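Asker: what follows is a predicted structure for the sequence shown.
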Amino acid sequence: MCGIVGAVSERDVQGILLEGLRRLEYRGYDSAGMAVRQDQGDIQRAREVGKVAALAEAIEQQPCNGSVGIAHTRWATHGEPSQINAHPHMSGERLAIVHNGIIENYQGLRDQLKADGYTFSSQTDTEVVAHLIEREYRQQGDLVAAVRAAIGQLRGAYALAVLHADEPDHLVVCRAGSPLVVGVGIGENFIASDQLALLPVTDRFMFLEEGDLAEIRRDGVTVLDRDGAAVERPVSRFEHGMDSADKGEYRHFMLKEIHEQPRVIQATMEGRITDSRVLEQALGTEAGSLLDDVRHVQIIACGTSYHAGMVARYWIEELAGIPCSVEVASEFRYRHHVIQPDTLFLCISQSGETADTLAALRQAKDAGFRAALAICNVPGSSLVRESDLVIMTQAGPEIGVASTKAFTTQLVALLLFTLALGRHNGLSEKREADIVAALHRLPGQVADALALDGKIAELSKAFMDKNHSLFLGRGAMFPVALEGALKLKEISYIHAEAYPAGELKHGPLALVDSEMPVVTVAPNDELLEKLKSNLEEVRARGGELFVFADGGAELQDQPGIHVLQIPEVHPITAPIVYTLPLQLLSYHVAVLKGTDVDQPRNLAKSVTVE
Ligand code: G6P
């Protein structure tokens, strides 16, 4: 993880770097630092433990002024969060680097460099890279050549930005396995881990390819590919509104993003459905021919995106009648799998940069799957560029570490995909029209669910002093329960487990007592009666129930059972609508507990390391 930002300009870049770091804090926030080349030719560095605000305070006392600089916000991998492990790392007084990723062979390199007389002040893998480049620089006398020679010796994943005091007019950057974009300005150029970081200074971006190395100057950018050949990379404009990275009237990004859901769900459907049908072409020009041959779907994802995949499995098997497997990417990539012929490999990722998901995709390609489809929220991300077919979610930038709008828009995209796949596999026009009509109603229903906010805030008080909780669901609502539990543990630090309700009596019932709130999602579907029996089982053990239920479910508030009525929804779209109250519940519990809602401890938004 970690976020990096850099600038080469005529003007002072301290403010640009600091704002860039603030916008990258979602990638890690245990320390932050920057290094600039001062006009008199020295490198000045500032590093602080904690969030970017701590760095901002430090440089208010002692400014880091200069027109060329690099900066970093860290999520610790090698070495504890501390000032000496914070980036930028230096080799001597003249060379500074920032790094996102992991160098796997750092120990061997460290030993070699020590034998050559280099001393280390940190435990990081990054400092090894700083010394390695310095050693090459002594021989080559040129920063581009030195970085190229050094990265030839690295194994692992990295995005690097390098600053040298003796080369005043440029930065040298490179990427392999970690994201890096170049922000193109007028008379100034920038680099960052993502576009959001640079929106205050430019809306034009160049995406570096795997293995690219670039020299960033004021007047231009020169890119070399992994073989050292000069290449042109296209420049594109940023697509989302400029204000997307602001909290606006909301207290937290997470709350803002929860409330954006009616709009972004609408945006994800826009241009992709008529009154009664999914427009297959809108899923990609080759979608039709590709979907014709699919006999099996293999879904891969991590975290919240994995839960979206789990919901999709119910849809794909029910509506398209095609077998579907779902697996977390970190498991998939390290086991032997049996590849069914004509398998569509479907990766779901908000960021499109999750290391395990990308590695699984690359492995799958080598293993010969039929084709790769990506459901992703970030245009130009590695996942998008490496897939055959892409369905973009239109959630806009998601800043809160706990994913909300990305999840529901992923579900919408997955349902559109399922309907298109179903059409090639016997789904009737009538059924398709029925579900498309339900999709049209969805933004309004999601808005209705948001209107329950006040009641949910009230309910959340019951969780404040609890240490454990249980979430139950059946069928496609089981992954919704998993997602609800994930939200609660991520931001309120309350232990939350989710179970398929039918498994209750095979273990978790033993945990149920008055200290264990049990949250249940109960739409009015074919599994309702069975779910009601499970609720009785909990009640009989003194467990306090919090039930989000359809009015037609005929569940009433009574001692020990708190029922919150959810507007009536189509059973197929129910997982999307029922997600909202669970997001709001965890949000309010976290606010009551006073945790850091947008940046919960130990986590990061984009996990670009294994
Ligand atoms: C991290 C984030 C989660 C996210 C997961 C997968 O753990 O904190 O919110 O679901 O990564 O990320 P992706 O970008 O691939 O969806």
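Answerer: Cool, got the structure. Numbering: from 1, shown residues only.
Asker: in the sheet, which residues pair with Met34? Tell me.
Answerer: Beta bridges link Met34 to Ala46, Ala71 when assigned by DSSP bridges.
Asker: for it, what are its contacts?
Answerer: 14, 17-18, 21, 45-46, 55, 59, 64, 69-72, 88 (Cβ atoms under 8 Å, 6 or more residues apart in numbering). (Glycine included, C-beta is placed from N, CA and C.)
Asker: switch to 10 Å and redo it
Answerer: Counting by Cβ atoms under 10 Å, 6 or more residues apart in numbering, Met34 makes contact with 5-6, 13-14, 17-18, 20-21, 44-48, 52, 55, 58-59, 64, 66, 69-73, 87-88, 96, 98.
Asker: just the ones of those residues in strands?
Answerer: 5-6, 44-48, 69-73, 96, 98 (DSSP state E).
Asker: out of the residues you listed, which is nearest to the ligand?
Answerer: Comparing these against the ligand with Cβ to the nearest ligand atom picks out Thr73 as the nearest, at 15.3 Å.
Asker: got the contact list for the closest residue to Ala496 other than its chain neighbours?
Answerer: Nearest residue to Ala496 in three dimensions, chain neighbours excluded: Ala485, at 3.8 Å (Cβ to Cβ, 6 or more residues apart in numbering). Contact analysis of Ala485 by Cβ under 10 Å, 6+ apart lists 307, 469-473, 494-499, 519, 582, 586.
Asker: how much space is there between Ile572 and Ile273?
Answerer: Distance check for Ile572 against Ile273: by Cβ to Cβ, to the nearest Å, it reads 14 Å.
Asker: which neighbours do these two share?
Answerer: Common contacts of Ile572 and Ile273 (Cβ under 10 Å, 6+ apart): 419, 435, 439.
Asker: can you tell me the element the first one falls in?
Answerer: Meaning Leu419. Taking DSSP states H and E as the criterion, Leu419 maps to helix 405-423.
Asker: now that helix, how far from the centre of its chain.
Answerer: 18 Å (Cα atoms, centre = their mean, to the nearest Å).
Asker: next one: stretch 530-539
Answerer: 36 Å.
Asker: go ahead and confirm Ser586 touches Lys487.
Answerer: Yes: contact criterion Cβ atoms under 10 Å: Ser586 and Lys487 qualify, at 3.8 Å.
Asker: quick one, which of these two is more surrounded?
Answerer: Ser586 (31 against 27; other Cβ atoms under 10 Å).
Asker: name the spans of the protein whose pLDDT lies under the cut-off.
Answerer: Counting by pLDDT under 70, the chain shows low-confidence ranges at 1, 239-245, 285, 527, 608-610.
Asker: let's see it at 50
Answerer: 242-243 (pLDDT under 50).
Asker: show the contacting residues for the residue in it positioned nearest to the ligand.
Answerer: Residue of the chain nearest the ligand, by Cβ to the nearest ligand atom: Gly303 (2.8 Å). Listed by Cβ under 10 Å, 6+ apart, the contact set of Gly303 reads 328-329, 348-350, 354, 356-357, 402-403, 406-407, 483, 486, 490, 603, 607.
Asker: in strands only, show me those residues.
Answerer: 328, 348-349.
Asker: from those residues, list the ones also adjacent to the ligand.
Answerer: Ser349 (Cβ under 6 Å from any ligand atom).
Asker: tabulate the ones in strands among the contacts of Gly303 (a markdown table), appending distance to Ala197.
Answerer: Shown next, in a markdown table, are these (distance: Cβ to Cβ, whole Å):
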| residue | distance to Ala197 |
| --- | --- |
| Val328 | 28 |
| Ile348 | 24 |
| Ser349 | 19 |
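Asker: closest one of the ones in strands among the contacts of Gly303 to Trp315?
Answerer: Each of the ones in strands among the contacts of Gly303 was checked against Trp315 using Cβ to Cβ; the closest is Ile348, at 13.1 Å.
Asker: and for that closest one, the neighbour number?
Answerer: The number of residues near Ile348, taken as other Cβ under 10 Å, comes to 35.
Asker: ok, now which ones touch it?
Answerer: Here Ile348 is in contact with 299-309, 312, 326, 329, 354, 357, 373-377, 383, 391, 393, 406-407, 410-411, 413-414 (Cβ under 10 Å, 6+ apart).
Asker: do that again at 6 Å, thanks
Answerer: Residues near Ile348 by Cβ atoms under 6 Å, 6 or more residues apart in numbering: 301, 305, 308-309, 375, 410.
Asker: what does this protein put close to the ligand?
Answerer: Counting by Cβ under 6 Å from any ligand atom, the residues of the chain near the ligand are 302-305, 349-351, 354, 357, 401, 403, 603, 605-607.
Asker: most neighbours among the residues you listed, which one?
Answerer: So for the residues of the chain next to the ligand (other Cβ under 10 Å), the most neighbours sit at Ser349, 34 neighbours.
Asker: can you pull out the strands in the stretch 451-600 of the chain?
Answerer: 468-473, 495-500, 518-522, 545-550, 561-566 (DSSP state E, counting those that start in this stretch).
Asker: meant to ask about the stretch 201-350 of the chain
Answerer: 204-207, 213-217, 221-224, 230-231, 235-237, 296-301, 324-328, 343-349.
Asker: tell me the most buried of those?
Answerer: With neighbours taken as mean count of other Cβ atoms under 10 Å, the strands of the stretch 201-350 of the chain reach their highest mean count in strand 343-349, at a mean of 28.
Asker: partner strands of it and their direction?
Answerer: By DSSP bridges, strand 343-349 pairs with strand 296-301 (parallel), strand 371-376 (parallel).
Asker: where's that strand relative to the chain centroid, distance-wise?
Answerer: The answer for strand 343-349 is 16 Å, by Cα atoms, centre = their mean.
Asker: let me know the angle separating that strand from helix 405-423.
Answerer: Inter-element angle recorded for strand 343-349 and helix 405-423: 160 degrees (by axes from the mean of the first three to the mean of the last three Cα atoms, to 10 degrees).
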